[in-house]
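Undergrad: Got a predicted structure plus its sequence, pasted below:
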Amino acid sequence: MFNEKDLIQIANHGLSVEQVEQQIENFKKGFPFLNVVRAAAADDGVRVLDEEVIKHAEACYDVASKSLDVVKFVPASGAATRMFKELFEFVNEGKRGKGIDVLLDNIEKFAFWPELEQYITPDSSEEEIVEAIVKAGLCYGSKPKGLVTFHAYEDGNRKAVEEHLVEGAQYARSGDKVRIHFTVSPEHMGGFWDVLGATQPRYEEEFGVKYDVSFSIQKPSTDTVAVNPDNTPFRTDEGELLFRPAGHGALIANLNDIDADIIFVKNIDNVTTDARRGDTVTYKKALAGVLLELQAKAFGYLRALEAGEADLEAAKQFVEKELCVKLPTECDAEMLKGILNRPIRVCGVVRNQGEPGGGPFWVAAEDGTESLQIAESSQISPEDMHLMQSATHFNPVDLVCGVKDYKGGKFDLTQYTDPATGFISSKSSGGRELRAQELPGLWNGAMAKWNTILVEVPITTFSPVKVVQDLLRPEHQ
């Protein structure tokens, strides 16, 4: 199947022949659907915190964070192609949807308007204005969302990446230090550094902090090989294999490189303005406080199990009631230890309001346990699709992660994924059809073997920007 040139190409990607052969086997067999039991709901997997619990959890985190290593992890490598898709269709094809009318009627309300004015004149046509946004001018069509100007302020407008600096200073600080890690594409690294170089000192002075900002790119070793429609390796016109980035699930390798006690995970486009950020800060701290309390209890049971002094019945109750893992009838100390000694994540979930996104479900495993998972529609069989339609909550990507074990060592997160989950899609290259494979999503299969706790958070903590017109919503004005 592979020639000498292929073997060199595979090795240069940091992959083995066995891994590539397994990827091809995945194309042939497909990925099995999850064994979904039911949608998680309030008091059935989703915790709804009252005001007293929120205040306690927030205070717990505030005290503990002073001596913990905290990192804010922001996936920011995706290009903003979907955000400006309608604008490109207007410029390239003359196709005018309702979104173009909304954009042009409100053009001066966008925070990027002062920058856009430099590239247009009072006589510019509508086509020229839109083209100045996505092409020559702001060039937003070839930039990632992090470098798009989102919000207007009296003292200067902010790009999405800047809002993460501001957020980080408000809930992801340890003493006066704020660590933030962005995953970016190599071609955009310079753009991020330019923005940070110009703005970071101002935010350090404003919030009395020192930022420790780092970047990483998606590792070539997480790429997947493309195949033809008949599942044979796809070859370029030069006869080489074609490898493609395997989706955000590949970022588990980047997350695994982070050495910290607490890691907040949040998408680059989910930010709001200073005036509306209160709930976000409160609930981020509360989620972290919930994690720390559960982690401390789990560590206590693990130490007792190791010493042979554990109350097994109490440990089982903790696992089922608080870690949300339903145990089989036969469950011994070793099984308990295996469940307790895992990475832990507390996920904020929002009441369904018609926004796109995966949802939380109870999922049965082969070992007889049931646990909470974040699942996408592609992971659920047609026979179980009614369960997704009945889901009361969705996943806004609002995670707080504990990645250290009870002895203080760092978990190898790559060992807690479910390789049997994934996604296969139809794409093209050079006008030829191909099949592409994505790895288990970062908060789906890539975290399938973590202990997962779900906490309801208000819709005010979720302000995504999927299309440019979303910037006209109140949470971005």
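TA: Everything's here; your move. Numbering: from 1, shown residues only.
Undergrad: now the strands for the stretch 351-477 of the chain?
TA: Along the stretch 351-477 of the chain, the segments classed as strands by DSSP state E, counting those that start in this stretch run 359-364, 370-375, 393-394, 398-402, 423-429, 432-438, 451-456.
Undergrad: Including mean pLDDT, could those go into TSV?
TA: TSV is the format used below for the strands of the stretch 351-477 of the chain (pLDDT from 0 to 100):
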stretch	mean pLDDT
strand 359-364	93
strand 370-375	93
strand 393-394	91
strand 398-402	96
strand 423-429	85
strand 432-438	91
strand 451-456	97
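Undergrad: Does Asp470 touch His476 like I think?
TA: Yes - between Asp470 and His476 there is a contact under Cβ atoms under 8 Å: 6.9 Å. C-betas here are computed from N, CA, C, even on glycine.
Undergrad: more neighbours, those two?
TA: Taking other Cβ atoms under 10 Å, Asp470 and His476 do not tie; His476 has more neighbours (19 against 15).
Undergrad: In contact with the more buried one, which residues?
TA: 111, 150-151, 272-273, 463, 465, 470 (Cβ atoms under 8 Å, 6 or more residues apart in numbering).
Undergrad: One more: Asn395?
TA: 347, 349, 357-360, 374, 443.
Undergrad: repeat for Thr236
TA: With contact set as Cβ under 8 Å, 6+ apart, Thr236 has these partners: 242, 429-430.
Undergrad: if we can go back for a sec, with the contacts of Asn395 in mind, which one is nearest to Gly30?
TA: Using Cβ to Cβ, Gly358 comes nearest to Gly30 of those, at 19.3 Å.
Undergrad: Can you give me the pLDDT of the closest one?
TA: Note on Gly358: pLDDT of 74.
Undergrad: Would you confirm that it contacts Gln373?
TA: No - judged on Cβ under 8 Å, Gly358 makes no contact with Gln373 at a distance of 9.1 Å.
Undergrad: any residues in contact with both of the two?
TA: Common neighbours of Gly358 and Gln373, using Cβ under 8 Å, 6+ apart, are Asn444.
Undergrad: which of these two has more neighbours?
TA: Comparing Gly358 with Gln373 by other Cβ under 10 Å, the one with more neighbours is Gln373, at 26 against 23.
Undergrad: give me the beta-bridge partners of the more buried one?
TA: Per DSSP bridges, the residues bridged to Gln373 are Phe361.
Undergrad: Assess the claim that it and Phe361 are in contact.
TA: Yes - with contacts counted by Cβ under 8 Å, Gln373 reaches Phe361, the gap being 5.8 Å.
Undergrad: Could I have the CA atoms of stretch 295-310 written out in CSV?
TA: This file holds the C-alpha atoms of stretch 295-310, laid out as CSV (Å, rounded to 0.1, in the frame of the first residue of the first chain):
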residue,chain,number,x,y,z
GLN,A,295,-11.2,16.6,43.5
ALA,A,296,-10.4,16.9,47.2
LYS,A,297,-13.0,14.2,48.1
ALA,A,298,-11.8,11.9,45.3
PHE,A,299,-8.2,12.2,46.5
GLY,A,300,-9.3,11.4,50.0
TYR,A,301,-11.0,8.2,48.9
LEU,A,302,-8.0,7.2,46.7
ARG,A,303,-5.6,7.6,49.6
ALA,A,304,-7.9,5.5,51.8
LEU,A,305,-8.2,2.9,49.2
GLU,A,306,-4.4,2.7,48.8
ALA,A,307,-4.1,2.3,52.6
GLY,A,308,-6.8,-0.4,52.7
GLU,A,309,-8.9,1.8,55.0
ALA,A,310,-11.6,3.0,52.7
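Undergrad: Need the residues that contact that stretch.
TA: With Cβ under 8 Å, 6+ apart as the test, stretch 295-310 has contacts from 311, 314-315, 318, 322-323, 333, 336-337, 340-341, 344, 402, 406, 451.
Undergrad: what about 7 Å?
TA: By Cβ atoms under 7 Å, 6 or more residues apart in numbering, the list of residues contacting stretch 295-310 from outside reads 315, 318, 333, 336-337, 340-341, 344, 402, 406.
Undergrad: what does the domain assignment say about this structure?
TA: The chain breaks down into these domains under automatic domain parsing: 4-70+217-471, 85-142.
Undergrad: just these: most buried one?
TA: Comparing the domains of the chain by mean neighbour count (mean count of other Cβ atoms under 10 Å), domain 4-70+217-471 ranks first with a mean of 18.
Undergrad: among the strands of the stretch 351-477 of the chain, which is nearest Thr329?
TA: Closest among the strands of the stretch 351-477 of the chain, using Cβ to Cβ: strand 370-375, at 12.8 Å.
Undergrad: got the contact list for that closest one?
TA: Defining contact as Cβ under 7 Å, 6+ apart, one finds that strand 370-375 is touched by 34, 36-37, 40, 45, 324-326, 347, 358-365, 395, 443-444, 448, 452, 454.
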